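1. Kindly return the folded structure for what I paste below:
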Amino acid sequence: MIFWGDNMIIKVVLSGYGIVGKEFVKLVNERHSYINEIYGINIVMTGILGRNITIHNENGLQLNDLLVYGSGKQAIQKYIELYPDDAVSANITADVLIESTPTNLQNGEPGKTYMQRAIQNHMDIVAISKGALVTGWRELTEAARIANVRIRYSGATAAALPTLDIGQFSLAGCQIEKIEGILNGTTNYILTKMYEEDLTFHGGLQQAQQQGIAETNSTLDISGMDSACKLLLLANSLFEAEYSLENVSIQGIGSITKQDIQKAKEQDKSLKLIATAYKDHSGNLKLEVCPREMEKEHPLANVNGTEKGITFHTDTMGKITSIGGASNPRGAAAAALKDVINLYRKDI
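-> Numbers count the residues shown, from 1 in each chain. Prediction:
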């Protein structure tokens, strides 16, 4: 980082220029002056990393021109036609890496390699993608500790919904006894439609796809795997664990029937996909994702549509619940921008 007067220049490199990556660039471009004025941080986008194509300019990319071309590899190629000198093949460095490649739960690549290189180059990391941290938690966090670099990933734990921030900062000094969360907006939307409009599971899924809420292949959402990944990152952080997905009991919503919904209604309950982390009587950490009937008095029972929510049970502050947060690419990008600001702001 470089100081220019009272302001700090933070050079940012982005890995993965998909929909979320583009939204991050848009936010940096839109909020640049505001962030500079309020937080004293001058964010300069100096590079975008791709497997076969990379652009870099030490003085900053021309974001207005880049954003004209949409997202993905073709957008980068179009940009290079305008600025051929910005096409590079060498390893590039900056102050912070924004990791936004597609989530790969098999081996975490290519995000894991990008994060490893960033750590070797003593760059801080803000991860939006979950794959690298889910598959390589111990390896990456230990390497970051040794290199004295920081990893932030609030966007990977529920997009715009504050989850990790609450646990790490707002509940400092507390013992967190249990976490319950609705961490996936797609499944919550489907269950809400099944409950309110008497739809079948497939009817709810189809409506979610038509609305652009669910992707054509929504397996990670429907199976509960997306919620499990988010829960895993929260639990490893807040309970100081080193768990993997094998330690999470996972049941999705694909088998939920109209009869299941009707049963919940008859008991004046709602049906939600709940991710839970708690310690049993022996002190062992348990992680579960499954559909649960929720009493209407529970703060998560009335979280509907694409909204998400999380409840922390603590020993000294009681129950703390956060509800809402945009379940879209802009919300995830905004969470990453928040992480960058909080890494470098001078007022805390």
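
2. ranges for the helices of the stretch 151-300 of the chain?
-> Here the stretch 151-300 of the chain has its helices, by DSSP state H, counting those that start in this stretch, at 164-165, 185-197, 201-210, 219-222, 225-238, 258-266.

3. Could you list the domains of the chain?
-> The chain breaks down by automatic domain parsing into domains covering 2-160+330-344, 164-325.

4. could I get these as JSON lines with mean pLDDT?
-> Formatted as JSON lines, those follow (pLDDT from 0 to 100):
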{"stretch": "domain 2-160+330-344", "mean pLDDT": "94"}
{"stretch": "domain 164-325", "mean pLDDT": "96"}
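
5. Turn those domains into CSV, columns for mean neighbour count.
-> From N, CA and C alone the C-beta is placed, and that goes for glycine too. Compiled in CSV, the domains of the chain are given as follows (neighbours: other CB atoms under 10 Å):
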stretch, mean neighbour count
domain 2-160+330-344, 19
domain 164-325, 18
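
6. For residue 340, find the nearest of the helices of the stretch 151-300 of the chain.
-> Judged by CB to CB, the one of the helices of the stretch 151-300 of the chain that comes nearest to residue 340 is helix 164-165, at 13.5 Å.

7. Give the other helices and strands that the closest one contacts.
-> helix 225-238 (3 or more CB pairs under 8 Å, 6 or more residues apart in numbering; DSSP states H and E).

8. for residue 118, what are its contacts?
-> Shown in contact with residue 118 (CB atoms under 8 Å, 6 or more residues apart in numbering): 13, 97, 99, 124, 125, 149.

9. What ranges does the stretch 1-150 of the chain have for its strands?
-> Along the stretch 1-150 of the chain, counting by DSSP state E, counting those that start in this stretch, strands occupy 2-4, 7-15, 41-49, 54-56, 87-88, 96-99, 124-127.

10. CSV for these, including distance to residue 28?
-> Output for those, formatted as CSV (distance: least, CB to CB, whole Å):
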stretch, distance to residue 28
strand 2-4, 17
strand 7-15, 7
strand 41-49, 5
strand 54-56, 15
strand 87-88, 20
strand 96-99, 9
strand 124-127, 12
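
11. Figure out which of those strands is closest to residue 110.
-> Going by CB to CB, the one of these nearest residue 110 is strand 7-15, 7.4 Å.

12. hmm, what's the outermost residue in this protein?
-> For the chain, the residue at maximal distance from the C-alpha centroid (CA atoms, centre = their mean) is residue 266, at 35.6 Å.

13. What distance do you get for it to residue 304?
-> Counting by CB to CB, to the nearest Å, the gap from residue 266 to residue 304 is 19 Å.

14. Same question for residue 122.
-> Separation of residue 122 from residue 304 (CB to CB): 45 Å.

15. got it, and residue 11?
-> Going from residue 11 to residue 304 by CB to CB gives 42 Å.

16. still on that earlier bit, can you add distance to residue 273 and give the helices of the stretch 151-300 of the chain back as JSON lines?
-> Formatted as JSON lines, the helices of the stretch 151-300 of the chain follow (distance: least, CB to CB, whole Å):
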{"stretch": "helix 164-165", "distance to residue 273": "20"}
{"stretch": "helix 185-197", "distance to residue 273": "5"}
{"stretch": "helix 201-210", "distance to residue 273": "12"}
{"stretch": "helix 219-222", "distance to residue 273": "9"}
{"stretch": "helix 225-238", "distance to residue 273": "6"}
{"stretch": "helix 258-266", "distance to residue 273": "12"}
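
17. Can you say which of those is nearest to residue 35?
-> The closest of the helices of the stretch 151-300 of the chain to residue 35 is helix 164-165. By CB to CB, the value is 17.8 Å.

18. Need the residues that contact the closest one.
-> Counting by CB under 8 Å, 6+ apart, helix 164-165 makes contact with 153, 154, 157, 233, 234, 237, 238, all of which sit outside it.

19. same thing but at 10 Å, please
-> 152-158, 171, 230, 233-234, 237-238, 310, 322, 335, 338-339, 342 (CB atoms under 10 Å, 6 or more residues apart in numbering).

20. how far is it from where the chain is centred?
-> From the chain centre to the centre of helix 164-165 is a distance of 11 Å (CA atoms, centre = their mean, to the nearest Å).
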